[in-house]
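Colleague: Sequence and predicted structure are below.
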Amino acid sequence: MQPHLTFACELETHALQALFSDSSVVDDLRTVEASVALGILDLSPERAAVARDLNRAGIPLTAWLLLSEEDGYWFNLGNAREARQRYDEFRAWSDEHDLHWQGIGLDIEPDKRELHSLLSRNWSQALPGLIHRALDGQGLQRAQSEYAALVSRIRADGYHVTSYVLPFILDERTAGSTLLRRCAGLVDLSVDTEVVMLYSSFVRPGGEGILWSYAPQAQVIGVGSTGGGVEIEGLGDPRPLNWDEFSRDLRLANRWSDDLFVFSLEGCAGQGFLTGLRTFDWDQPVSPPLDAARRADRVRQGFRAVLWASAHPLVLVLALAATAGLFRRRRRSRN
């Protein structure tokens, strides 16, 4: 059965206008009955005109809110105030241009500047903030509360709230830890719909195994990348998915969910994937990547053990003390 597809679109204004100047893009979206998560990179009249044209074409839109690069770009522990201000500005802009949105999307990822510093091994810029957050549990609590208030406000304004999250947050929930959130600067929000970004292109080889490992826990599965979006040197394999990889991931994800998120619209349009989806055979068999998934499961088990230990340090200390005591008794008995 064909799932519902939402395509993410993260383009600067001129590129956005160029994409939708091709009427076949809207025709393809209509044919596959897809939605668009439109990245709000700016609040320009030109972006508003594209959104208004999509409203008129009957394409359901989610406003994917983003910040300036100076504010971290994605939403995270350190920019709740900026996120709230961005939403205020977005509402005024939407009202001014009479735009209609099905919902609001909140992208929860580390500060883009810190991520770039880490991947480029600029430790002097990356580590101080990471260490400070790791030791500051109250900072996480404040950010969680501020973002929860923002979610409540968005809902009160009549919008459906979607979050886009990294898959590792699922392991942290299972472990009952906050270490990952504190170190990476993430927040964990209660929203209406959660998209888990399981982009296999970034973790070749074996990315399909990670998708299969996490998919059972995901409400909505994000597949990709087909190209486009933010480019950060050192972040995974830069090659976009080809048609065979994209088809495989779609079918694998559809085994677990009938609501899929695709990154990105521009990548799919550029590679001709949108046209291919018009006649896509969703029922074609696909072999689960069991070996790759088992490897992913083992890595996740070890990761959850570390996270659990971080949340239960006293238990860990007592267990180590008990183990050491048992070892000493055995040595004495042998002597």
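Modeller: Structure's in. What do you need? Numbers count the residues shown, from 1 in each chain.

Colleague: Let me know how buried the residue lying closest to Ser247 once chain neighbours are set aside is, in neighbour terms.
Modeller: Leaving aside its sequence neighbours, Ser247 sits nearest to Phe280 (C-beta to C-beta, 6 or more residues apart in numbering; 7.5 Å). All C-beta atoms are positioned from the backbone trio N, CA, C, and that covers glycine. The burial count assigned to Phe280 is 16, neighbours taken as other C-beta atoms under 10 Å.

Colleague: could you check the distance from Phe280 over to Arg86?
Modeller: According to C-beta to C-beta, to the nearest Å, Phe280 stands 36 Å off from Arg86.

Colleague: again, but for Asp22
Modeller: According to C-beta to C-beta, Asp22 stands 29 Å off from Arg86.

Colleague: The two: who's more crowded?
Modeller: For Asp22 versus Arg86, neighbours defined as other C-beta under 10 Å are more numerous around Arg86 (20 against 11).

Colleague: Dihedrals phi and psi, the more buried one?
Modeller: Phi and psi for Arg86, reported as degrees, to the nearest 10, are phi -60, psi -40.

Colleague: Quick check: it vs Leu16, distance?
Modeller: Between Arg86 and Leu16 the computed distance is 18 Å (C-beta to C-beta).

Colleague: what does Phe7 give?
Modeller: Distance, Phe7 to Leu16, using C-beta to C-beta: 13 Å.

Colleague: Of the two, which one has the most company?
Modeller: Phe7 (29 against 24).

Colleague: need the contact list for the closest residue to that one other than its chain neighbours.
Modeller: Nearest non-adjacent residue to Phe7, counting by C-beta to C-beta, 6+ apart: Leu265, 3.7 Å away. Contacts were defined as C-beta atoms under 8 Å, 6 or more residues apart in numbering; by that measure Leu265 touches Phe7, Ala8, Cys9, Leu19, Val25, Val36, Gly228, Leu274.

Colleague: For Leu265, give me the pLDDT.
Modeller: Looking at Leu265, its pLDDT reads 98.

Colleague: Please enumerate the strands of the chain.
Modeller: Using DSSP state E, the strands of the chain run over residues 4-9, 35-40, 61-65, 103-107, 160-165, 193-197, 220-224, 259-263.

Colleague: Which among those is found nearest to Trp74?
Modeller: Nearest to Trp74, of all these, is strand 103-107, at 4.8 Å by C-beta to C-beta.
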